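Student: Below is the sequence, then the predicted model.
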Amino acid sequence: MSFNGNTEEAFNFYKSALGGKITHLQRFSDAPNGGQMADADKNKVMHIALEAPNGVRLMGNDHLDFMGGPFKSGNNFSLSLHPDSEEVADKMFNNLSAGGTITVPMSKAPWGDYFGMFTDKFGIKWMINKAAS
């Protein structure tokens, strides 16, 4: 889920409402090129993860325009797949992104997972995330 600058507030609400805990929080300033970002974007949330009872896992970030144009409620959701291996992650990514637009190629993410993001040829946003071992 992407938010318009209020990701941390939203996830604190979800944490309370679902009885979960935030397991990861990383800001754009923490990214390898974070120092080159506009000051207004450096403190925004690049990746946040929340785990709650009954298998609930939410991930989110603050939206920046490079992620697919200006924020618009309704374009702020992605389907997320969590394969068990990098090989399966690559296969899913390559097959589903064919004819679409790649936003983030599969690679090791700053939070340690193997991650990629794209919009398929039907306009559906996807994230593939293989958790670090």
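Tutor: Alright, I've got the coordinates. Numbering: from 1, shown residues only.

Student: can you give me the helices in the chain?
Tutor: Ranges of helices in the chain, per DSSP state H, are 7-18, 39-42, 86-97.

Student: which of the residues in the last one are buried?
Tutor: Burial within helix 86-97, assessed by neighbour count using 16 or more other Cβ atoms under 10 Å, is assigned to Ala89, Asp90, Met92, Phe93, Leu96, Ser97. Heads up, the C-betas are built off the backbone N, CA and C, glycines and all.

Student: Tell me how far that helix lies from the chain's centre.
Tutor: Remark: helix 86-97 is offset 17 Å from the chain centroid, using Cα atoms, centre = their mean, to the nearest Å.

Student: do the second one as well
Tutor: Helix 39-42 has its average C-alpha position 18 Å from the chain's average C-alpha position, going by Cα atoms, centre = their mean.

Student: Could you list every helix and strand that that helix packs against?
Tutor: With contacts defined as 3 or more Cβ pairs under 8 Å, 6 or more residues apart in numbering; DSSP states H and E, helix 39-42 has no helix or strand neighbours.

Student: In a markdown table: the helices of the chain, plus mean pLDDT and distance to Gly116.
Tutor: As requested, those are arranged in a markdown table below (pLDDT from 0 to 100; distance: least, Cβ to Cβ, whole Å):
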| stretch | mean pLDDT | distance to Gly116 |
| --- | --- | --- |
| helix 7-18 | 91 | 20 |
| helix 39-42 | 90 | 21 |
| helix 86-97 | 93 | 5 |
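
Student: I'd like to know which of those helices lies nearest to Ile124.
Tutor: When the helices of the chain are compared for distance to Ile124 using Cβ to Cβ, the nearest one is helix 86-97, at 8.8 Å.

Student: residue ranges of the strands in the protein, please?
Tutor: Secondary structure of the chain by DSSP state E: the strands cover 2-3, 21-27, 45-52, 56-62, 79-81, 101-108, 114-119, 125-130.
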